[in-house]
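[1] Next come a sequence and a model predicted from it.
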Amino acid sequence: MPTQDAMTFDHSIRLTFLILAMATSAVLAQQPPTPPPADTAAPPLARSATTLTTGDSEHQLSLWPRPVYPADYKPSPCAPANSCESFPPANFKSAAFSFLGLNLDEVWLGDHYDGLLRLFAPYCSKQATCLGTAGNASAFCNDVLAFELRDAVARAFPRSKSPRDWEQAEFFMEVFALGVDQQALKKWEAAQPCVAALPKAQHIKPLDAWMFPASIPRDYKDWIRVFTIDPDTHVPIYAEILVEGKTVYTSTNTIGVWASTYPIKMPVKFIRVPDADGHRGLRAPELTVHADGYPDLKFPLPVAIPRMTVSLNPRPSELRPGRNRITVTAKDAETGAPVEARVMIGDDIAGEANTPFDWVFAKGKRPEIWATSLFDAYPDAIVAKGERASR
């Protein structure tokens, strides 16, 4: 578990990302909104060095497969009071401009300030419990809070109904969250003696975890997230996400590693494994959810294994001892696109798929003909089984 000091960060870096993100939002405001839940709309928005994406502003978390922070969570007895302390009301407009370069309308703020605080109140209660939960640090809890506040604003102020209200509510949310960030460390520190005094939980169940997207499409290149909650309290818990047992580094988390809630883009690299035919198949990489005090949870990345179809010209029965002109055709089973593969005859490299080549077969039983992907993109495929010796 990273220390609290490790999870603090340079506000100037975050603010630079915020300004860029809000500029992106201004561009998106000129375009028709896209429906949820595709979490792929824009470059990362950094509250804590690229925590979320600007596209989240248009996504209703209620439409996601599961809530990030369920409403039936169990409150912590160590939850600090007034955990969402932010800038004083009179300072909001100046803070918006000074810290973020945003123009928060003073009249709009006066008309909506109390209502926004009421809107944010249940999420602030959740954040307080997060701060009062063992294993969580303030930066993580603040990022979960911002994730939910962004959704609350998108639902309360739909951009399609009033772009102006949506923009101002977004500005307010960013300023509010920034003010909370500046105060949360003190709140977290005040809660730690209480947290330490609680009986140490003996977790026999791993964290309840799920992914978004739940199934990764072919050639997917956008954000992947893993969410984790305690299976009993339903409170989000910070957990590192390992791939094949190894740490994955990313800038979306302030401490530099992939962890629950934080998005990541990563190429899918399949793992070679033996198959039943004595060749090499593929499996999806294994993810491990690791949090102090909980058993590890392991599951494969939910991505389909691609397949290739192969055919031989001439047909296997037409092959003869001596020189043969051979073409092995290899195609993607789903798209029909040619596959770059190497043709093997027995243990020998014979040629390349989709390109004719000559091969001299010796007298006797013919070896197996098979194809293997050059870049571990497909499982091996048998083109023609080897002939058996006659009895």
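    Received, thanks.
[2] Give the other helices and strands that the helix or strand harbouring residue 97 contacts.
    Per DSSP states H and E, residue 97 falls inside helix 92-100. With contacts taken as 3 or more CB pairs under 8 Å, 6 or more residues apart in numbering; DSSP states H and E, helix 92-100 sits against helix 11-28, helix 106-131, helix 163-197. C-beta here means a position set from N, CA and C on the backbone, and glycine is covered the same way.
[3] Just give me the neighbour total for residue 242.
    Neighbour count of residue 242, defined by other CB atoms under 10 Å: 19.
[4] An error on my part: the question was meant for residue 118.
    Residue 118 has 9 nearby residues by other CB under 10 Å.
[5] list the contacts for it?
    Going by CB atoms under 8 Å, 6 or more residues apart in numbering, residue 118 touches no other residue.
[6] now residue 243, nearest residue through space, not along the chain?
    Using CB to CB, 6 or more residues apart in numbering and skipping the chain neighbours, the partner closest in space to residue 243 is residue 285 (5.4 Å).
[7] Residue 127 now?
    Closest to residue 127 by CB to CB, 6+ apart is residue 145, at 4.2 Å.
[8] quick check, the one you found in a helix?
    Yes - counting by DSSP: H, G, I helix; E, B strand; the rest coil, residue 145 is found in a helix.
[9] give the contact list for it.
    Residues counted as contacts of residue 145 (CB under 8 Å, 6+ apart) are 84, 123, 124, 126, 127, 130, 177, 180.
[10] and these, which are buried?
    The neighbour count (16 or more other CB atoms under 10 Å) marks 84, 123, 124, 126, 127, 130, 177, 180 as buried among the contacts of residue 145.
[11] Kindly provide the distance from the second one to residue 367.
    If I follow you right, that is residue 123. According to CB to CB, to the nearest Å, residue 123 and residue 367 sit 66 Å apart.
[12] Please apply the same query to the fifth one.
    Residue 127 sits 65 Å away from residue 367, taking CB to CB as the criterion.
[13] what's the helix or strand for the spatially closest residue to residue 324 that is not a sequence neighbour?
    Of all residues not flanking residue 324 in the chain, residue 359 sits nearest, at 5.6 Å (CB to CB, 6+ apart). Here residue 359 sits within strand 357-361, counting by DSSP H and E.
[14] Point out the other helices and strands that whatever helix or strand comes next after that strand packs with.
    As assigned by DSSP H and E, the chain's next helix or strand after strand 357-361 is strand 369-373. Under the contact criterion of 3+ CB pairs under 8 Å, 6+ apart, strand 369-373 touches strand 308-313, strand 322-332, strand 341-345, strand 381-384.
[15] can you give me the angle strand 369-373 makes with strand 341-345?
    Put simply, strand 369-373 runs at 150 degrees to strand 341-345, going by axes from the mean of the first three to the mean of the last three CA atoms, to 10 degrees.
[16] Quickly run through the sheet partners of strand 369-373, with directions.
    Strands that pair with strand 369-373, judged by DSSP bridges, come out as strand 341-345 (antiparallel), strand 381-384 (antiparallel).
[17] mind putting the ones you listed in JSON lines, mean neighbour count included?
    Formatted as JSON lines, the strands paired with strand 369-373 follow (neighbours: other CB atoms under 10 Å):
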{"stretch": "strand 341-345", "mean neighbour count": "22"}
{"stretch": "strand 381-384", "mean neighbour count": "19"}
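[18] any chance of those in TSV, plus distance to residue 104 and mean pLDDT?
    Below are the strands paired with strand 369-373 laid out as TSV (distance: least, CB to CB, whole Å; pLDDT from 0 to 100):
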stretch	distance to residue 104	mean pLDDT
strand 341-345	58	97
strand 381-384	61	96
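[19] Next, format the ones you listed as a markdown table and append distance to residue 295.
    Compiled in a markdown table, the strands paired with strand 369-373 are given as follows (distance: least, CB to CB, whole Å):
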| stretch | distance to residue 295 |
| --- | --- |
| strand 341-345 | 41 |
| strand 381-384 | 38 |
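[20] I'd like to know which of those is closest to residue 372.
    Among these, the nearest to residue 372 by CB to CB is strand 341-345 (5.3 Å).
[21] Identify all contacting residues around the closest one.
    Contacts of strand 341-345 (CB under 8 Å, 6+ apart): 308, 310, 326, 328, 330, 349-353, 357, 359, 367-374, 378, 381, 383.
[22] Now that we have those residues, which of them are buried?
    Of the contacts of strand 341-345, these count as buried by 16+ other CB under 10 Å: 308, 310, 326, 328, 330, 350-353, 359, 367-373, 378, 381, 383.
[23] Help me confirm that residue 239 comes into contact with residue 290.
    Yes - contact status for residue 239 versus residue 290: in contact at 6.0 Å, counting by CB atoms under 8 Å.
[24] When the two are compared, which one has more neighbours?
    Using other CB under 10 Å, the more surrounded residue of residue 239 and residue 290 is residue 239, with 28 against 22.
[25] Once you drop chain neighbours, what's closest to the more buried one?
    Nearest residue to residue 239, sequence neighbours excluded (CB to CB, 6+ apart): residue 291, at 3.9 Å.
[26] Please verify my assumption that the one you found contacts residue 238.
    Yes - if you go by CB under 8 Å, residue 291 and residue 238 touch, sitting 6.6 Å apart.
[27] Let me know how buried the residue nearest to residue 321 when sequence neighbours are not counted is, in neighbour terms.
    Distances taken as CB to CB, 6+ apart place residue 363 nearest to residue 321, at 4.6 Å, with adjacent residues excluded. A total of 8 residues lie near residue 363 under the criterion other CB under 10 Å.
[28] Quick check, residue 363 in contact with residue 387.
    No - with contact defined as CB under 8 Å, residue 363 does not reach residue 387; the gap is 11.6 Å.
[29] pLDDT of the one helix or strand residue 211 maps to, averaged?
    Assigned by DSSP H and E, residue 211 belongs to strand 208-212. Averaging pLDDT along strand 208-212 yields 93.
[30] Same check on stretch 263-277?
    On average, stretch 263-277 scores 91.
[31] Return the set of buried residues in it.
    For stretch 263-277, a neighbour-count test (16+ other CB under 10 Å) marks 263, 264, 270 as buried.
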